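Colleague: just coords:
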């Protein structure tokens with residue numbers, strides 16, 4: 001009998017050594033024989049500090065604003081490998097604290113669901129108190145935005161939330177203020193300066209739900225938000241990995257609605273610019289080619305918005321957005337690349353920004369694809385030598401669309417950023 005007891009104790013010790021969770025009874029179920037979480041995730045007991053700028057903090061902030069975030073777009077927040085590992089860690093219980101050392105307790109922060117491109121990241125319910133570490137009003141905003149921590153499983157709803165979340169992530173990377181609980185609400189009662197002087201992004205829900213009339217006009221559009229910066233109000237769209245399908249009169253009414261919002265809340269801000277986000281530059285070409293097939297010319301995107309800046313959802317695109325939010329960015333940009341003697345002071349028959357002898361020069365350094373449409377149409381009836389300035393990562397797209405009608409001249413983004421006096425970010429590379 002004593003020998004049997006020793007054998008049982010030895011068996012129990014070996015189970016513990018192998019990381020098994022021992023429970024009363026000899027017949028353990030299959031799931032109870034699996035390694036415990038502490039063994040599978042040796043770092044699970046480490047404390048996580050919610051420090052502003054850290055990956056965990058930025059992910060928590062995005063979920064506080066948008067409710068959910070697409071797993072496929074973690075690259076917008078930094079190293080994809082690091083963030084995927086972080087998500088796995090945050091799906092098990094972790095201990096959190098503030099930068100000052102205050103204990104925030106232990107909880108599971110994240111949960112993921114869905115497969116493939118629909119895989120989505122959401123906050124675990126027990127992690128909602130962590131939102132107080134962001135701002136006292138963050139929890140109230142989150143509960144209002146998500147209807148009390150409730151989510152629809154509809155593919156269209158998930159897709160919609162992901163579009164907005166990616167727009168917010170790109171703005172975050174560009175240094176744009178996008179925390180809705182810190183921004184003053186927009187209004188339509190009187191003309192006054194409501195939006196801050198710095199660049200700030202209002203999500204589509206903040207823009208649409210001013211009153212029932214405007215919501216009826218804009219609810220079915222693809223607008224993900226409005227980006228205000230000194231002198232400009234950009235309508236922001238996100239086409240993700242598909243060609244943008246414009247909603248005809250809905251987008252036209254949205255543009256007029258944003259004009260009114262800019263007039264009432266941002267003073268003399270131009271509202272004829274739009275930002276079109278996409279996963280890669282090939283979508284810019286497809287968007288332009290599809291617009292050429294439109295039967296109603298007055299509802300083409302370049303007629304609704306005379307200036308449409310295509311921004312890929314990459315590090316280069318984020319840096320381009322940072323340039324477009326600088327004060328008086330257009331003048332700064334042209335001054336940085338053209339000598340004073342080449343600048344054009346009066347507009348000509350064709351669109352161009354500078355002239356060198358007989359050669360007309362256009363700057364595509366702002367990613368304005370609507371101007372390319374007008375230039376290509378004009379070159380069909382002109383033999384004037386023409387040059388287009390662009391970044392190396394834009395050159396293939398521009399050359400394919402222009403069809404050899406213009407000579408390309410590449411400018412390095414780091415060189416331009418240095419001339420403008422801004423940094424290139426942590427992930428600047430030679431392909432800029």
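Modeller: Looks like it arrived, so ask away. On a predicted model such as this, the values are computed, not experimentally measured, just so you know.

Colleague: OK, contacts around residue 363?
Modeller: Contacts for residue 363 (CB atoms under 8 Å, 6 or more residues apart in numbering) come out as 333, 334, 337, 338, 353, 354, 388, 389. C-beta: built from backbone N, CA, C; applies to glycine.

Colleague: apply 7 Å and report the result again.
Modeller: Going by CB atoms under 7 Å, 6 or more residues apart in numbering, residue 363 touches 333, 334, 337, 353, 389.

Colleague: burial of the fourth one, as a residue count?
Modeller: By that I understand residue 353. Number of residues near residue 353 (other CB atoms under 10 Å) recorded here: 20.

Colleague: skipping adjacent residues, who's closest to it in space?
Modeller: Closest residue to residue 353 apart from its sequence neighbours, by CB to CB, 6 or more residues apart in numbering: residue 363 at 4.8 Å.

Colleague: ok, back up a step: now the contacts of residue 363 in CSV, with distance to residue 310?
Modeller: Shown next, in CSV, are those (distance: CB to CB, whole Å):
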residue, distance to residue 310
333, 16
334, 19
337, 19
353, 18
389, 16
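
Colleague: in helices, which of the residues you listed fall?
Modeller: 333, 334, 337 (DSSP state H).

Colleague: okay, now the first one: neighbour count?
Modeller: Translated: residue 333. For residue 333, the neighbour count with other CB under 10 Å is 21.

Colleague: show me what contacts it?
Modeller: For residue 333, the contacting residues are 323, 363, 365, 366, by CB under 7 Å, 6+ apart.

Colleague: would you mind measuring from it to residue 80?
Modeller: For residue 333, the distance to residue 80 (CB to CB, to the nearest Å) stands at 31 Å.

Colleague: how close does the nearest residue to residue 196 once chain neighbours are set aside get to residue 232?
Modeller: In this structure, residue 196 finds its nearest non-sequential neighbour in residue 177, 6.7 Å apart by CB to CB, 6+ apart. Separation of residue 177 from residue 232 (CB to CB): 15 Å.

Colleague: residue 93 too?
Modeller: Between residue 93 and residue 232 the computed distance is 45 Å (CB to CB).

Colleague: more neighbours, those two?
Modeller: Taking other CB under 10 Å, residue 93 and residue 232 do not tie; residue 232 has more neighbours (22 against 16).

Colleague: okay but that one is in contact with residue 272, surely?
Modeller: No - with contacts counted by CB atoms under 7 Å, residue 232 stays clear of residue 272, the gap being 9.1 Å.

Colleague: just the pLDDT at residue 210, thanks.
Modeller: With respect to pLDDT, residue 210 scores 71.

Colleague: how about it: what's its closest non-neighbour residue?
Modeller: Spatial nearest neighbour of residue 210, excluding adjacent residues (CB to CB, 6+ apart): residue 188 at 5.8 Å.

Colleague: ok, residue 389 next?
Modeller: Leaving out its chain neighbours, the residue that sits closest to residue 389 by CB to CB, 6+ apart is residue 363, at 4.8 Å.

Colleague: how about CSV for the contacts of residue 363, with pLDDT and distance to residue 192 added?
Modeller: Formatted as CSV, the contacts of residue 363 follow (pLDDT from 0 to 100; distance: CB to CB, whole Å):
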residue, pLDDT, distance to residue 192
333, 95, 30
334, 95, 32
337, 95, 37
353, 94, 35
389, 97, 39
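
Colleague: buried ones in the lengthiest helix in the chain?
Modeller: Ranked by residue count and defined by DSSP H, the top helix of the chain is helix 155-173. For helix 155-173, a neighbour-count test (16 or more other CB atoms under 10 Å) marks 158, 160-173 as buried.

Colleague: just checking, next helix/strand downstream of that helix?
Modeller: Counting by DSSP states H and E, the element after helix 155-173 in chain order, helix or strand, is strand 200-203.

Colleague: I appreciate the help and will end here.
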